[in-house]
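> Pasting the sequence and the predicted model now:
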Amino acid sequence: MIKKQIFFGGCLLLLAAAGCKPEAPVAPPPLKVRVVTVFPRDVPIYQQWIGTLDGYPNANIRAQVTGYLLKQDYVEGGRVKQGDLLFEIDARPFQAVLDQALAKQEQDEAMVGKTELDVKRYMPLASEHAVSQQELDDAVQSNLMAKAAVVADKAAVESARLNLSFTTIASPVDGIAGRAQAQIGDLLGPGGATLTTVSTVDPIRAYFNINEQFYLAFCQQFTNGAERAAYREEMKLQLILSDGSTYSLPGKWFFTSRQVDVNTGTLQVAGLFPNPDYILRPGQYALVRAKTETRKGALLAPQRAVTELQGAYQVATVDPQNKVHIKTVQVGEQIGPDWLIESGLASGDRVIAEGVQKIKDGMVVEVDAEPFVSAQAAPPAGGRQP
């Protein structure tokens, strides 16, 4: 009885299995992506270079006369004005020399008076033959010699007065005074070591090097030198400090060196930056950035939409039927969050910016109604360093 029931139940299961058909697999929904449509527009191109800040002039202060240092009159590292007193040298020996020169001048001036009186007295006597002509000639020559001595005395007085003035050492420029290299009591003299350095830092110079290729490309943008000079005059420079902050005051192009360095193939360029608060100091390193051109009709694609594979750059576009096409592109400069696309894209192309990692060439996707918007980075990070 039990065997019949088992047999009957197995038949029912076979009949049920024969009557059931498997369900077809459900196709997954299309991958949802967000796109950005590229259109030509005018794009400013920035370049940046590593720069070094330096004052100009950097006045090296030295003693011009020999003497003992008596006093330091400035605060090291402080601001000084042109004419501010920096050091004082013992002036007593130079004052004595000046007094001697003045006394000698007075003696010779008195001699001039005497010889002039002799000439005036001898001239009528010589005409009456009361004195000889030789005596008159001697009196005239003595007067000339006395006058020449006075001229020499005046030069000696001026020299002594000048040496006396050198005992007080003043700043020749406005700027920041450095550390004193001499101590009170040191014997100073011409040709000795630098006492200190005063650097003018408002404005301050930023020196950087540009390569020869960039220089030639820059020159080829203009039809003549006058246009190039006018563009340089209007060019604004930015200074990116070591902490990543941008210096608040723009600079200007100051000069380009006369020659290319044969060892590096670069030209030295200097920019001028206002520095009223003396924030910038000589020796600082910073990035100098400038807008060197405006690219007309440029196409930009978000950096996240561009993938690199073995040195080749690719983007994924979507046609009107939402079909994916992988395109190889040539990229140029980085403009903020975007790449400048030199070739490979056309105006109106829809470039996939979100969902790039999961797509394949030829697959159909669903385009999000909300377009992708790049995060703005202001100011632009600027292009490559030439």
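All right, it came through fine. All values reported here derive from a predicted model rather than from experimental measurement. Numbers count the residues shown, from 1 in each chain.
> all contacts plus neighbour counts: C-alpha atoms, from now on.
Fine.
> Contact partners for the residue lying closest to Arg232 once chain neighbours are set aside?
In space, and not counting its chain neighbours, Arg232 is closest to Trp253: 6.0 Å by C-alpha to C-alpha, 6 or more residues apart in numbering. Listed by C-alpha atoms under 8 Å, 6 or more residues apart in numbering, the contact set of Trp253 reads Arg232, Glu233, Met235, Lys236, Leu237, Val269, Ala270, Gly271, Leu272.
> residue boundaries of the helices in the protein?
Secondary structure of the chain (DSSP state H): helices located at 2-19, 92-127, 133-165, 212-219, 225-234.
> Any chance of these in TSV with mean pLDDT and distance to Gly51 as columns?
Formatted as TSV, the helices of the chain follow (pLDDT from 0 to 100; distance: least, C-alpha to C-alpha, whole Å):
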stretch	mean pLDDT	distance to Gly51
helix 2-19	48	82
helix 92-127	89	47
helix 133-165	90	40
helix 212-219	87	16
helix 225-234	84	18
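> need the ones you listed in a markdown table with distance to Ile326, can you?
Formatted as a markdown table, those follow (distance: least, C-alpha to C-alpha, whole Å):
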| stretch | distance to Ile326 |
| --- | --- |
| helix 2-19 | 47 |
| helix 92-127 | 88 |
| helix 133-165 | 81 |
| helix 212-219 | 33 |
| helix 225-234 | 41 |
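> For Ala206, find the nearest of these.
helix 225-234 (15.4 Å; C-alpha to C-alpha).
> name the helices or strands packed onto the closest one?
Contact here means 3 or more C-alpha pairs under 8 Å, 6 or more residues apart in numbering; DSSP states H and E; on that basis helix 225-234 packs against strand 251-256.
> Pairing partners for the strand it packs on, with directions?
With DSSP bridges as the test, strand 251-256 is paired with strand 236-240 (antiparallel), strand 266-273 (antiparallel).
> between those, which one is nearest to Gln107?
Closest among the strands paired with strand 251-256, once you apply C-alpha to C-alpha, is strand 266-273, at 57.1 Å.
> Show me how far that closest one is from its chain's centre.
Relative to the centre of its chain, strand 266-273 is centred 6 Å away, using C-alpha atoms, centre = their mean, to the nearest Å.
> hmm, back to that, write the PyMOL selection for whichever of the contacts of Trp253 are buried.
With 16 or more other C-alpha atoms under 10 Å as the criterion, this PyMOL line picks the buried residues out of the contacts of Trp253:
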select buried, resi 235+236+237+269+270+271+272
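> what sits against the nearest residue to Ala156 once chain neighbours are set aside?
Of all residues not flanking Ala156 in the chain, Ala101 sits nearest, at 6.1 Å (C-alpha to C-alpha, 6+ apart). Ala101 is in contact with Asp153, Lys154, Ala156, Val157, Ala160, counting by C-alpha under 8 Å, 6+ apart.
> can you redo the residues you listed as CSV with neighbour count?
Formatted as CSV, those follow (neighbours: other C-alpha atoms under 10 Å):
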residue, neighbour count
Asp153, 21
Lys154, 17
Ala156, 19
Val157, 21
Ala160, 21
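> and of the residues you listed, the nearest to Val324?
Within the contacts of Ala101, proximity to Val324 (C-alpha to C-alpha) peaks at Ala160, which comes in at 91.6 Å.
> I figured the closest one hits Pro93, correct?
No - between Ala160 and Pro93 there is no contact under C-alpha atoms under 8 Å: 10.2 Å.
> Now do the residue nearest to Lys236 when sequence neighbours are not counted, the pLDDT please.
Sequence neighbours aside, Lys252 is the residue nearest to Lys236 in space, at 5.3 Å (criterion: C-alpha to C-alpha, 6+ apart). Lys252 carries a pLDDT value of 94.
> For Lys252, give me its contacts.
Shown in contact with Lys252 (C-alpha under 8 Å, 6+ apart): Arg232, Glu233, Glu234, Met235, Lys236, Leu237, Gly271, Leu272, Phe273.
> May I see the residues you listed organised as CSV, with distance to Val35 added?
Formatted as CSV, those follow (distance: C-alpha to C-alpha, whole Å):
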residue, distance to Val35
Arg232, 39
Glu233, 41
Glu234, 38
Met235, 36
Lys236, 35
Leu237, 35
Gly271, 42
Leu272, 44
Phe273, 42
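> one step back: so the residue nearest to Arg232 bridges to which residues?
Gly271.
> ok, it to Ala59 distance?
23 Å (C-alpha to C-alpha, to the nearest Å).
> From Asp99, how far off is Ala353?
Counting by C-alpha to C-alpha - Ala353 and Asp99 are separated by 88 Å.
> still on that earlier bit, quick check: of the contacts of Lys252, which lies closest to Thr66?
Of all the contacts of Lys252, Thr66 sits closest to Leu272, with 38.4 Å by C-alpha to C-alpha.
> quick one: contacts for that closest one?
Going by C-alpha under 8 Å, 6+ apart, Leu272 touches Pro203, Ile204, Arg205, Ala206, Gly251, Lys252, Trp253, Phe254.
> mind checking pLDDT for it?
Confidence score, pLDDT, at Leu272: 96.
> Excluding covalently adjacent residues, which one is nearest to it?
Arg205 (4.8 Å).
> separation between the one you found and Ala96?
Distance, Arg205 to Ala96, using C-alpha to C-alpha: 45 Å.
> Who has more neighbours out of those two?
Comparing Arg205 with Ala96 by other C-alpha atoms under 10 Å, the one with more neighbours is Arg205, at 29 against 13.
> Which strand residues bridge the more buried one?
Judged by DSSP bridges, the bridge partners of Arg205 are Asp54, Leu272.
> show me what contacts it?
Leu53, Asp54, Gly55, Tyr56, Ala270, Gly271, Leu272, Phe273.
> and if we set it to 7 Å?
Taking C-alpha atoms under 7 Å, 6 or more residues apart in numbering, we find Arg205 in contact with Leu53, Asp54, Gly55, Ala270, Gly271, Leu272, Phe273.
> got it, and Asp90?
By C-alpha under 7 Å, 6+ apart, the neighbours of Asp90 are Gly67, Tyr68, Leu69, Leu70, Thr167.
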